[in-house]
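Asker: Sharing a model prediction with you, sequence too.
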2 protein chains.
Amino acid sequence: MSGDAKAGRPGRTREMILAAAMEMFAESGFHGTSLRDIAGRSGLTHPGVLYHFPTKEALLMAVLERRDEVTGEDYPTEGTTAREVLRSLVGTARLNAGRRGLVELFATLSAEATSADHPAHEFFTQRYESLRDQVAGAFTALAEDGALRPGVEPALAAIQVIAMMDGLQVQWLLDDRIDMGRALAVHLDQQVVTPLEA
Amino acid sequence: MSGDAKAGRPGRTREMILAAAMEMFAESGFHGTSLRDIAGRSGLTHPGVLYHFPTKEALLMAVLERRDEVTGEDYPTEGTTAREVLRSLVGTARLNAGRRGLVELFATLSAEATSADHPAHEFFTQRYESLRDQVAGAFTALAEDGALRPGVEPALAAIQVIAMMDGLQVQWLLDDRIDMGRALAVHLDQQVVTPLEA
DNA sequence: GTCTATACCCAGATAGAC
DNA sequence: GTCTATCTGGGTATAGAC
């Protein structure tokens, strides 16, 4: 049944397409990449790609979910201290400075997806909500330890850091002399009583 | 010479096209909007549009410049105090909460335009540079008056506020319960010794 | 001077052969 | 599971009607 050498393991081709799509979306953006480009790099024709992913947007969503897995490795979600959660935000910003394509993809799509009818709208709405919850949780824990500066509200502080991360990405994409990690670290140190680093 | 009733005042049609284009770029982004869509809403065909604007890119640039005029009214550039410059950032954020289309346009395009070959790339690079200069100037003036909290660096603070403004827009577009004005005001008050408001 | 008609090529998507 | 062929629609450019 599955002994056919040509076909390989099911999902094998799917993986190759995903890898090619992620690279090319990252290099040239979603609109700048054609299905024929992706197909070419995967060694098929564009209807071949559409057999595995019904539409180009479905392929995009698959790439986004995979991106979340990759970046998710930077964000320890459980069993970590509140300070570690905040430090991981700075860490991600620093790592991102070496992953331009991924940053471009995310920045472009999160903006595009603000339209209610965009295929990735729900994806991003949920993503921001869960990110805000997670970061707000960290700030709340710090507040309970009296580790926040006076006037810092956990829920608002979460919105603010996440906003700053996103905005820094756009400025950095336009001018890579912008130091995202430092900007974020300085901001976070203004929220807490004892500096995060060291 | 100019007595032709059909033609109307020169620039009349141009205005209609611009208005339609601004709305549709805001809703669907640059790549998501076709000239035929814009033409349809303006009551002409797409080559009709191309008579007034040689290319789709030229139309985009015209729209961007007009947006700058609208928003520019919120930003007093000269003859104002440093504190007023910062307050105007908060004011713009509050006004923007009533101009969803404009915010969508700007958020979507600034992200798209991070690609080096995007027609609006240069426009946004310049825009951010000049905005940073202006805000950094305000922070520098405050620093000289000893009005900044210890550790606040003017140039970095400018990058940070602008980043936060942009990031807040994306979160607000996805969930309009986000209070952009308040988030920004609280952040700015953390940078200065005496609160900005009142 | 202002627009319509038309034609070009490239992209996403579908139908159906193998 | 993948291809060939084809359809539709987009951006661009030109010819020519009013």
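Answerer: Yep, that arrived. Residues are numbered from 1 along each chain as shown, chains lettered A, B, ... in the order given.

Asker: how far is stretch A:110-117 from where the chain is centred?
Answerer: Averaging C-alpha positions (CA atoms, centre = their mean, to the nearest Å) puts stretch A:110-117 15 Å from its chain's average.

Asker: Sorry, slip of the keys, the one I care about is stretch A:59-71.
Answerer: Taking mean C-alpha positions (CA atoms, centre = their mean), stretch A:59-71 and its chain are 8 Å apart.

Asker: For that stretch, the averaged confidence score.
Answerer: The average pLDDT within stretch A:59-71 is 88.

Asker: Would you mind listing the residues in contact with residue A:197?
Answerer: A:87, A:185, A:189 (CB atoms under 8 Å, 6 or more residues apart in numbering or on different chains). C-beta: built from backbone N, CA, C; applies to glycine.

Asker: Next one: residue A:129 from DNA strand C, what distance?
Answerer: 27 Å (CB to the nearest atom of the strand, to the nearest Å).

Asker: buried sites along the strand or helix carrying that residue?
Answerer: Element membership of residue A:129 [criterion: DSSP states H and E] is helix A:121-144. Of all the residues in helix A:121-144, those buried under the rule 16 or more other CB atoms under 10 Å in any protein chain shown are A:123-125, A:127-128, A:131-132, A:134-142.

Asker: what domains does the record give for chain A?
Answerer: Here the domain parsing of chain A from automatic domain parsing is A:1-63, A:75-198.

Asker: before we move on, the earlier item: going by neighbour count, which of the contacts of residue A:197 comes out on top?
Answerer: Most neighbours among the contacts of residue A:197, by other CB atoms under 10 Å in any protein chain shown: residue A:185, with 21 neighbours.

Asker: I'd assumed residue A:92 was in contact with that one.
Answerer: No. Using CB atoms under 8 Å, residue A:185 makes no contact with residue A:92, being 11.8 Å away.

Asker: so how many other residues sit close to residue A:155?
Answerer: 14.

Asker: Can you show me the CA trace of the helix or strand where it lies as PDB?
Answerer: Secondary structure from DSSP H and E places residue A:155 in helix A:154-174. Only the C-alpha atoms of helix A:154-174 are listed here, as PDB (Å, rounded to 0.1, in the frame of the first residue of the first chain):
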ATOM      1  CA  PRO A 154      -0.500  45.100  34.900                       C
ATOM      2  CA  ALA A 155      -3.200  44.900  32.200                       C
ATOM      3  CA  LEU A 156      -2.200  48.300  30.600                       C
ATOM      4  CA  ALA A 157       1.500  47.500  30.900                       C
ATOM      5  CA  ALA A 158       1.000  44.300  28.900                       C
ATOM      6  CA  ILE A 159      -0.700  46.200  26.200                       C
ATOM      7  CA  GLN A 160       2.100  48.700  26.100                       C
ATOM      8  CA  VAL A 161       5.000  46.300  25.900                       C
ATOM      9  CA  ILE A 162       3.400  44.300  23.200                       C
ATOM     10  CA  ALA A 163       2.600  47.500  21.300                       C
ATOM     11  CA  MET A 164       6.200  48.600  21.600                       C
ATOM     12  CA  MET A 165       7.500  45.300  20.400                       C
ATOM     13  CA  ASP A 166       5.300  45.500  17.300                       C
ATOM     14  CA  GLY A 167       6.100  49.100  16.500                       C
ATOM     15  CA  LEU A 168       9.800  48.500  17.000                       C
ATOM     16  CA  GLN A 169       9.700  45.800  14.400                       C
ATOM     17  CA  VAL A 170       8.300  48.200  11.700                       C
ATOM     18  CA  GLN A 171      11.000  50.800  12.500                       C
ATOM     19  CA  TRP A 172      13.700  48.200  12.500                       C
ATOM     20  CA  LEU A 173      12.600  46.800   9.200                       C
ATOM     21  CA  LEU A 174      12.800  50.300   7.700                       C
END
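
Asker: Quick check: next helix or strand after it?
Answerer: Counting by DSSP H and E, the next helix or strand C-terminal to helix A:154-174 is helix A:180-189.

Asker: ok so, going back, right, is the helix holding residue A:155 up against chain B?
Answerer: Yes. Using CB under 8 Å from any CB of the partner chain, helix A:154-174 reaches chain B at A:156, A:159-160, A:162-168, A:170-171, A:173-174.
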